[in-house]
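K.L.:
Requesting a structural model of the entry that follows:
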Amino acid sequence: MTDAIELLRSDHDELRRLLSALETDAGHGGLVAQLVMAASGHEAIEEQYFWPLVSRRVQNGLRLADEAVSQEQEVKRLLGLLEKHGSDAPLRQVVAVIRAHIGFEETQVWPGVQLALSEQELGDLGTQLEQAKRLAPTRPHPHMPCTPEVLKVAAPIAGATDRIRDALGGRG
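P.N.:
Numbers count the residues shown, from 1 in each chain. Next up, the predicted model:
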């Protein structure tokens, strides 16, 4: 059983690696696609399972979750621009916004989550996140409603559609 924070930390480590590589690789190669895929899936699973739990269980959770989801909407918007325009997009802005969002989660949210949830609850949440990740979108969907109930239905459908587009386009 994977602890939810461990799973999210692993995602953050991968995102940091991709951001650093993008900053140093002038051609960007397939790094943009990798970043878009990794961040899109990560944000989708958080919005389905993590933020609703934070809202209900963590002190000041509603405020923290609202702020995080707002940040994630901006990340999705910027990822869409980055994917569409590649190196012409505001790469520095994408990097800065994603790094700030990661920092917010790790310093402002995770300590409260670890205080509010038992090891068993963190493990159960980790299992939910792992399962959702297998079906998560691989592209940003900034216009998809951020309500968990809608996302639990729509995200796997968007994910399946994304994976078909990825396969047809030779992406990832």
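
K.L.:
what sits up against stretch 101-112?
P.N.:
With CB atoms under 8 Å, 6 or more residues apart in numbering as the test, stretch 101-112 has contacts from 5, 8-9, 12, 15-16, 54, 58-61, 64, 67-68, 71-72, 75. For glycine as for every other residue, the C-beta is placed from the backbone atoms N, C-alpha and C.

K.L.:
start to end distance for that stretch?
P.N.:
Terminal residues of stretch 101-112 lie 16 Å apart, using CA to CA, to the nearest Å.

K.L.:
Could you number the chain from 52 rather than 1 from now on?
P.N.:
Okay, residue one is now 52; in that scheme the one you just asked about reads as stretch 152-163.

K.L.:
can you give me the helices in the chain?
P.N.:
55-75, 82-96, 102-108, 112-136, 142-155, 161-167, 170-186, 199-220 (DSSP state H).

K.L.:
Out of those, flag the one nearest His192.
P.N.:
helix 199-220 (5.4 Å; CB to CB).

K.L.:
So what's the residue count around the nearest residue to Gly131 once chain neighbours are set aside?
P.N.:
Distances taken as CB to CB, 6 or more residues apart in numbering put Pro191 closest to Gly131, at 4.7 Å, once the chain neighbours are dropped. Neighbourhood size, Pro191 [other CB atoms under 10 Å]: 26.

K.L.:
ok, Pro191 - contacts?
P.N.:
Per CB under 8 Å, 6+ apart, neighbours of Pro191: 87, 90-91, 94, 126-128, 130-131, 134.
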